[in-house]
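Q: Fold the following and give me the result.
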Amino acid sequence: MRRPLRVRLGSSLLCMAVCTAVHAQGSVSELSSATDVETLIMASQGEASQLVFTTAGRDIPDITPGDFCNDRECEVRSGIPNFYDKIDRGEAVTVAFLGGSITKGDFSYRLQICKYLETLNPKTRFTWVNAGVSGTGTDLGSFRLGEHVLSYDPDLVFIEFSVNGAYEPGLEGIIRQLLRHDPHTDICLLHSISAGQTSVYRDGGLPQGVARMERVAAHYGIPSVHLACETSFLDGDGRICWYSSAGCGSDRIAFSNDGLHPLKAGGNLYAAALARGLAKMRTRNGSAGAHPLPEPLFPDRWEEARMYVPTQIATFDGDWRVETTAATPLKGFREWFAEIIDSSTPGAAFTFSFEGDMFGIFDIGGPECGQLEIRVDGHPMNLVELRDGGFRRYEASEAAGASSLINRFNRFCNNRYRGQHDVVVVQPGVHEVQIRISDRDCDKRAILGSENLANINAEPSRYAKKSLFLGRILIRGRAL
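A: Purely as a prediction, here's the structure:
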């Protein structure tokens, strides 16, 4: 029997400090160095962006395609014929941007290209969707696609995850979900890079992560635009400043502060590359119609990834609160989660059943977060963390070093709040899962490191809590 949640609006969350985003400094020489990439992008993750947005009232630079010419900058393949067909017929169109922090950022390319398309097509009514979530890759993208993208029935979806691990099976899951939802949906991959990778483009190659994503694009006939092609040649000429906070000089373009996330000038270069790609697709498009759905490249079941509102599928046992996110200092996450289910009581648990091979949570990390105990089919799980091509997950293991706990506190939770997720892989089948807040402490001082102890010293009571701020339950399969 489902026990009612204790609704306490204005409870402990109202005492929380407002989230402030922190941006990491550093460079990454190769996308294959997944740990370094993850460190850089995870540190930038904070609040949610507005999902449906407009260009109105924004000081957005005007973009012109320019005269850079390189055939490798855009692979047209089957193009985006349905998008242009609707524009030519005077119909309204919806364009979604799905990606990580570069997509989430206002001036990394997204706002510039939106204004460019509106200027180019003044009679078209555009709806714009920003489904960028910083520090996350195609795995979480597959889970959240239905809610963040498919619910808006997009005509065109840009996908940008090349610097977020470039996990191929997750990308395939996104593509297959899009085409099953509506085979007339046009899809275009966007490839960004980080400092140190420009020579790969100049030498005629592709960064490893981009090459992996291109394998999937070619299989599905999906066009792609290499946003940093021109940037790579400018960098070879000494024209690009990747770390502008250290000073650039007047003869160099201030591309970014951290070697990855474009500033407005860098975003203008990315947007110009996309403008050239769109023009190329305009002249070389195939015929409008349904896109084919070939056999999958990978055996993974990422097209079955979904996320669920917790109260719709789970039973909560113990002291839990339903928080209207907009009424708390977590209001910056209201675009992802209208409500948060939270508890700071050790032993509080929730239970759900599903058929599939993976489950997890999409939650908010912060100073109060604690550790979780996982039970599957009545048995406690000892877990080991594994990483594979940008995909991080937990699996059951009896090996030395396996832990019965999943920690929701990490070094990015120092006096701020951030979106985060974790998943657990199990054998395919029907399972009952219980997730319980542990009474065991984690060493938050050690996790933060000696250089990040100011806030924990000032407010030790916040860090002494063992909280979970639950936004969504993730399932690869289906909830029962």
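
Q: for this protein, which spans come out with low pLDDT?
A: 1-45 (pLDDT under 70).

Q: max-length helix in it?
A: As assigned by DSSP state H, the longest helix anywhere in the chain is helix 264-284.

Q: outside of the next helix-or-strand element following that one, which residues touch it?
A: Going down the chain from helix 264-284, the next helix or strand is strand 305-308, by DSSP states H and E. For strand 305-308, the external contacting residues (C-beta atoms under 8 Å, 6 or more residues apart in numbering) are 139, 142-147, 173, 177, 358, 362, 472-476, 478-479. (Each C-beta comes from the backbone N, C-alpha and C, glycine too.)

Q: and strand 305-308, which strands flank it?
A: Note on strand 305-308: by DSSP bridges, its sheet partners are strand 468-479 (antiparallel).

Q: Buried ones among the contacts of strand 305-308?
A: Buried residues within the contacts of strand 305-308, counting neighbours by 16 or more other C-beta atoms under 10 Å: 139, 142-145, 147, 173, 177, 358, 362, 472-476, 479.

Q: which one of those sits closest to Gly318?
A: Closest approach between these and Gly318, by C-beta to C-beta: Ile473, at 16.8 Å.

Q: okay, now the closest residue to the closest one other than its chain neighbours: neighbour count?
A: Leaving aside its chain neighbours, Ile473 sits nearest to Tyr308 (4.8 Å; criterion: C-beta to C-beta, 6 or more residues apart in numbering). Close neighbours of Tyr308, defined as other C-beta atoms under 10 Å, add up to 20.

Q: same question, the one 4 residues further on
A: Under the neighbour criterion other C-beta under 10 Å, Gln312 is assigned a count of 9.

Q: What residue, apart from its backbone neighbours, is nearest it spatially?
A: Ala479 (8.0 Å).

Q: Endpoint to endpoint, stretch 248-268 covers what distance?
A: 17 Å (C-alpha to C-alpha, to the nearest Å).

Q: Please spell out which residues along that stretch are buried.
A: Those would be 248, 252-268, for stretch 248-268 by 16+ other C-beta under 10 Å.

Q: any idea which helix or strand carries Lys86?
A: Per DSSP H and E, Lys86 falls inside helix 81-88.

Q: so what secondary structure elements neighbour that helix?
A: When contacts are defined as 3 or more C-beta pairs under 8 Å, 6 or more residues apart in numbering; DSSP states H and E, helix 81-88 sits against strand 93-99, strand 186-191.

Q: and the angle from the first one to strand 186-191?
A: If I follow you right, that is strand 93-99. Strand 93-99 runs at 30 degrees relative to strand 186-191, counting by axes from the mean of the first three to the mean of the last three C-alpha atoms, to 10 degrees.

Q: Which residues does the next helix or strand after strand 93-99 contact?
A: Per DSSP H and E, the first helix or strand lying C-terminal to strand 93-99 is helix 101-104. Here helix 101-104 makes contact (C-beta under 8 Å, 6+ apart) with 41, 44-45, 49, 97, 108-110, 130-135, 158, 160, 163, 190, 192, 260-262.

Q: other SSEs contacting the following helix or strand past helix 101-104?
A: Note on helix 101-104: by DSSP H and E, the next helix or strand toward the C-terminus is helix 110-120. Secondary-structure packing of helix 110-120 (3+ C-beta pairs under 8 Å, 6+ apart): strand 93-99, strand 126-132, helix 264-284.

Q: what about Leu372, is that helix, strand or coil?
A: Assigned with DSSP: H, G, I helix; E, B strand; the rest coil, Leu372 falls in the strand class.
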